[in-house]
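Peer 1: I'd like to go over a predicted model; first the sequence, then the structure.
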Amino acid sequence: MGQSLAQKLKVRLGPEQAIAPGVPWPYLTQLRDGTSIIFGHRGWPPGGKYPIHYTGVSHDGRKTWQEWMPEPKHGKGPITEGTAVELRDGRLLVFDVHAEHVGSKRFVHNYWITRDGFRTVDGPHPYSLSLPDAEVNGFDDRGEPISRFYIRRSMIELPGGDLIASAYGRFEADKMPVEYLEKMSKMRSVLIRSRDQGKNWTYVSTIAADPVEQEGPGEPVLVRVGCASRGWRNW
């Protein structure tokens, strides 16, 4: 199996091309029709609650790129870091990573839908995440107060149509301070699931919660291999 995959994989380096200047956190999504999309952040405004986001789209095999800008009807548009999934029916769902606490351990934000590689975009649509053990008060790595969980990096459609995603934040049991910012507590990574194609999400299990190094096991990545799914976390 390994040899077969190795024989098919060929990597060629072409000339360097700047496709998202000034975007330090890019994430690439490739659609089945050949469309390539970059989601990223330009940076954080001082004291701002959300970063300034960037979306770039290529429809010609990544030869040229166009920046996609949200219209007023799209709200602020998706602030995402890999939190996008192309469904079998051809829709691409793109989720804002910042699920904000609105009470009773329920976190909400928005997602957007495109059926044609960001030529047209529908949304925002609300989504909701329930986490009974979540900590709802804390600080981020800038020292800013937050009350949120992050649905971030990976989302997968299962054969039966359910969605699973990686997320991270803090539970009430997570009290270990971060070395470089004492008022910020270390985080954990969790697996969440939606049975209605992204509208409502529930907790499945903890991927990792060890109080290791700096921010703890946050920023997880989820990959489906064969008939199983596996989560990795960033230490």
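Peer 2: Looks like it came in fine.
Peer 1: count of neighbours near T29?
Peer 2: 20 (other Cβ atoms under 10 Å). From N, CA and C alone the C-beta is placed, and that goes for glycine too.
Peer 1: Look up how far T114 lies from it.
Peer 2: The gap separating T29 from T114 is 11 Å, by Cβ to Cβ, to the nearest Å.
Peer 1: between the two, what contacts are shared?
Peer 2: L92 (Cβ atoms under 8 Å, 6 or more residues apart in numbering).
Peer 1: Ramachandran angles for Y111?
Peer 2: phi -140, psi 160 (degrees, to the nearest 10).
Peer 1: What is the neighbour count of the closest residue to it other than its chain neighbours?
Peer 2: Of all residues beyond its chain neighbours, the one nearest Y111 is F95 (4.4 Å), with distances taken as Cβ to Cβ, 6 or more residues apart in numbering. Other residues near F95 number 27, with proximity taken as other Cβ under 10 Å.
Peer 1: In this structure F95 contacts Y127, no?
Peer 2: Yes. With contact defined as Cβ atoms under 8 Å, F95 and Y127 form a contacting pair (6.7 Å).
Peer 1: Need the residues touching each of the two.
Peer 2: Joint contacts of F95 and Y127 (Cβ under 8 Å, 6+ apart) are 109-111, 198.
Peer 1: Just the buried residues of these.
Peer 2: Applying 16 or more other Cβ atoms under 10 Å to the shared contacts of F95 and Y127, the neighbour count classes 109-111, 198 as buried.
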